[in-house]
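Asker: Just a sequence and a predicted model for now, questions to come.
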Amino acid sequence: MNAAPKGITALIYRDALGTDFSNQGISARVMEVTVIGEGIDPVFEATEERPAVRLVKNENFHRETVTHAEPVAPDDEPAPWYMFGGTFIFSSDTRFRRAAGQYGAIPLHDRTE
């Protein structure tokens, strides 16, 4: 039996109306996530109420680094292609800022079609 991944917790932020554009992604059913990955201390275990997400860094057209988060697929399943569903994650924990490479909310890409 594999141990649950560990990381730090972050809250999910939605628009003021609470509208769900994730097409039943994780943000449609939970209020928090567990951010795991490189540079993040393994403090809290990911659970069903706080599923694991990882930070993904890419370069935009201006060669600037942009960061988003996406759910972690189980080891025995291929990772689906995720897109932005309208929610963001944020934690006041300085380890979140350090891992994200910026201060502020990070887009959560949890929508699939």
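Answerer: Cool, got the structure. Numbers count the residues shown, from 1 in each chain.
Asker: Count residues in the vicinity of Gly86, would you?
Answerer: Residues near Gly86, counting by other CB atoms under 10 Å, number 17. Every C-beta, even on glycine, is put in place using the N, C-alpha and C of the backbone.
Asker: Quick check: end-to-end length of stretch 104-113?
Answerer: Stretch 104-113 has an end-to-end distance of 28 Å (CA to CA, to the nearest Å).
Asker: cool, stretch 106-113 as well?
Answerer: Stretch 106-113 stretches 21 Å from its first residue to its last (CA to CA).
Asker: cool, stretch 11-20 as well?
Answerer: Note: stretch 11-20 ends 16 Å apart using CA to CA.
Asker: Adjust the sequence numbering to begin at 50 for everything that follows.
Answerer: Will do, 50 is the new start, and the previous item becomes stretch 60-69.
Asker: which residues are contacting that stretch?
Answerer: The contact list for stretch 60-69 (CB atoms under 8 Å, 6 or more residues apart in numbering) reads 76-77, 79-82, 134-140, 154, 157.
Asker: ok, which pair from the residues you listed is furthest apart?
Answerer: Maximum pairwise distance among the contacts of stretch 60-69 (CB to CB): 20.3 Å, between Ala77 and Ser140.
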